[in-house]
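>>> model the structure of this input:
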Amino acid sequence: MRRYRNGKKSVFRSNKGSRRRSNGLVIAASLLGASLILGSGAGAVHPGMADAEAPPLTVLEPVTATSGIEQQPDEISTRIARKANSKPMGKESSTYVMDAATGQVLFNDEGDSNLIPASSAKIPTAAGVLLATGSEMRITTTVTQAGENIYLVGGGDPLLSSRKIPAGSNLPDYPKLTSMKSLARDTAAAIKGEAGTEVRLKFDDSLFSGPDWGPDWPEYFRTSGIVSPVSALIVDDGRLAPQGAKVADPARVAADRFAQLLKQQGISVSKIDRGRSPQEAADIASVSSVPMHAVVAQTLSTSDNDTAEMLFRLAGLGAGYEGSFAGGSRAVREALGSVGIATDGARFEDGSGLSRLNKVSPQLLSEVIRRAVTRQDGLWPVASGLAVGGATGTLKFRFDDMVTESAAGWVRGKTGTLNYVASLTGFVQSQSGRTLVYSSIANEADSSFDASAKIDEMVTELANCGCPGKDR
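Model (predicted):
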């Protein structure tokens with residue numbers, strides 16, 4: 001580390017060589033046996049911004065020990081050591097690079113040092129929930145009935161939506177949102193024909209437990225739309241309007257929206273309040289999310305804080321613990337340990353990386369990514385969910401200047417940014433065709449923007465490296 005002188009009831013449902021270069025995007029891969037190609041339409045949402053015509057896609061071969069020419073550590077060090085130890089990287093920094101196929105460490109600047117990872121913490125969260133629940137699990141929101149009461153029971157689905165996405169909108173169609181309107185329609189059909197069409201609605205968000213707000217999260221995180229109070233019942237990303245502030249009580253807002261949708265179906269709601277669904281209540285309607293691997297992909301590409309926090313708690317529940325900060329932390333640690341990834345000194349205080357109490361090493365993050373890109377331990381969705389440099393998600397507007405644009409489309413990564421903190425973790429294909437895994441974290445930086453730019457320069461060096469081989 002350079003010191004510059006200066007982290008109940010089941011709600012899950014199971015569905016039991018050569019390389020071409022172009023100016024376009026890279027990426028394609030097979031996701032759980034099916035072909036997945038990511039283009040510029042996936043990732044971050046920027047309303048009102050028209051997407052440029054997508055350039056051709058280049059297909060990457062599976063990562064194997066014979067993919068490309070092996071890289072030389074001395075060459076890698078020559079290219080990035082000075083940047084890794086430059087002033088923009090702050091008072092504490094750490095960088096780690098390894099060969100994805102062989103696991104050979106190619107560069108290690110205090111890579112085992114546990115630093116504040118910012119949103120790179122979403123990588124262990126994603127791995128933890130996949131290992132605890134499986135990649136095909138679906139999250140179910142249920143409506144139950146007992147007497148004159150119906151209960152809207154949250155299952156922790158972050159993609160529940162009451163809105164209709166207009167045709168031709170810029171909103172991504174992957175992953176598919178979970179329709180609250182469909183749930184209201186099925187609920188109305190189930191209760192019509194009974195004594196009347198008026199009900200009392202209770203909302204049950206009891207699946208998650210413990211504090212709903214991180215111990216060191218400032219209040220402006222909510223009012224500026226960064227994260228909602230964590231709830232098992234949330235709709236429309238916890239906002240009253242797109243891009244607006246997060247609401248203080250997501251479950252209550254979800255119940256209000258559900259009541260409005262019931263009214264459209266001819267069912268009036270006389271009263272709304274919080275209440276736990278009793279054991280004797282009968283299930284009358286339900287709706288389920290897309291599979292967990294798609295939820296994970298959305299979380300990583302767009303760095304969705306609310307989704308990450310819900311997945312953190314679902315990991316806890318899936319591992320047999322509480323759906324809480326503590327339960328998620330324990331589940332993630334145990335999940336990583338179960339596949340041989342050391343977590344010594346790491347702290348998983350939240351699932352999103354918003355907490356400055358999180359501490360993770362680039363070595364740990366790199367190990368998760370290496371297992372993902374080599375399709376080990378069911379972690380491939382972690383790799384396939386990473387944003388593409390210059391094209392999708394939180395990397396859409398990076399790798400787009402004269403210094404770094406040559407890496408656009410060839411780098412995938414999970415960004416991380418807090419005040420005075422920057423990180424980037426992912427994988428990149430080098431000029432010789434070798435897949436390299438990297439992770440770099442800068443703490444106590446004068447500018448997180450400048451630190452991010454310096455990390456991008458390092459990753460560009462990896463992309464442009466023949467090592468040995470002819471540079472492009």
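
>>> just the buried residues of the helix or strand harbouring residue 130, please?
In this structure, residue 130 is located in helix 122-133 according to DSSP states H and E. Taking 16 or more other Cβ atoms under 10 Å as the neighbour-count basis, helix 122-133 is seen to contain the buried residues 122-133. No exception for glycine: its C-beta is placed from N, CA and C like everyone else's.

>>> got it, and stretch 387-399?
For stretch 387-399, the buried set under the neighbour-count rule, 16+ other Cβ under 10 Å, comprises 387-396, 398-399.

>>> swap in stretch 433-451?
433-446, 448, 450-451.

>>> please apply the same query to stretch 239-258.
Buried-residue list, stretch 239-258, by 16+ other Cβ under 10 Å: 239, 245-247, 249-258.

>>> please state the offset of it from the chain centre?
Relative to its parent chain, stretch 239-258 has a centroid offset of 21 Å by Cα atoms, centre = their mean, to the nearest Å.

>>> send me that stretch as PDB with only the CA atoms.
Output of stretch 239-258 as PDB, limited to C-alpha atoms (Å, rounded to 0.1, in the frame of the first residue of the first chain):
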ATOM      1  CA  ARG A 239     -39.100   7.200  -5.900                       C
ATOM      2  CA  LEU A 240     -42.300   9.200  -6.400                       C
ATOM      3  CA  ALA A 241     -40.900  10.300  -9.800                       C
ATOM      4  CA  PRO A 242     -38.100   9.100 -12.000                       C
ATOM      5  CA  GLN A 243     -34.800  10.700 -11.000                       C
ATOM      6  CA  GLY A 244     -36.400  12.100  -7.800                       C
ATOM      7  CA  ALA A 245     -35.500  11.800  -4.200                       C
ATOM      8  CA  LYS A 246     -35.900   8.500  -2.400                       C
ATOM      9  CA  VAL A 247     -38.900   8.200  -0.200                       C
ATOM     10  CA  ALA A 248     -38.700   7.900   3.600                       C
ATOM     11  CA  ASP A 249     -41.000   4.800   3.800                       C
ATOM     12  CA  PRO A 250     -40.800   2.700   0.600                       C
ATOM     13  CA  ALA A 251     -43.200   0.100   1.900                       C
ATOM     14  CA  ARG A 252     -46.000   2.600   2.600                       C
ATOM     15  CA  VAL A 253     -45.500   4.200  -0.900                       C
ATOM     16  CA  ALA A 254     -45.700   0.700  -2.400                       C
ATOM     17  CA  ALA A 255     -48.900   0.100  -0.600                       C
ATOM     18  CA  ASP A 256     -50.400   3.400  -1.800                       C
ATOM     19  CA  ARG A 257     -49.400   2.600  -5.400                       C
ATOM     20  CA  PHE A 258     -51.000  -0.900  -5.100                       C
END
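
>>> quick one: mean pLDDT over it.
Averaging the model's pLDDT scores along stretch 239-258 yields 93.

>>> follow-up on the earlier one: quick one: list the elements packing against the helix holding residue 130.
Other helices and strands packing on helix 122-133, by 3 or more Cβ pairs under 8 Å, 6 or more residues apart in numbering; DSSP states H and E, are helix 292-302, helix 305-318, helix 325-338, helix 362-373, helix 380-384.

>>> count of neighbours near residue 279?
Other residues within reach of residue 279, judged by other Cβ atoms under 10 Å, total 7.

>>> hmm, back to that, in the helix or strand just after the helix holding residue 130, what counts as buried?
Following the chain from helix 122-133 toward its C-terminal end, the next helix or strand by DSSP H and E is strand 138-146. Residues of strand 138-146 classed as buried by neighbour count (16+ other Cβ under 10 Å): 138-145.

>>> returning to that earlier point: now the angle from the helix holding residue 130 to strand 138-146?
Direction vectors for helix 122-133 and strand 138-146, defined by axes from the mean of the first three to the mean of the last three Cα atoms, to 10 degrees, enclose an angle of 60 degrees.

>>> next, the angle from helix 122-133 to helix 305-318.
Helix 122-133 runs at 40 degrees relative to helix 305-318, counting by the same axes, to 10 degrees.

>>> identify all contacting residues around the strand or helix carrying residue 188.
Counting by DSSP H and E, the element that carries residue 188 is helix 180-191. In this structure, residues lying in contact with helix 180-191 by Cβ atoms under 8 Å, 6 or more residues apart in numbering are 141, 143, 145, 150, 160-162, 164, 197, 199, 235, 254, 257-258, 261-262, 264-267, 284-287.
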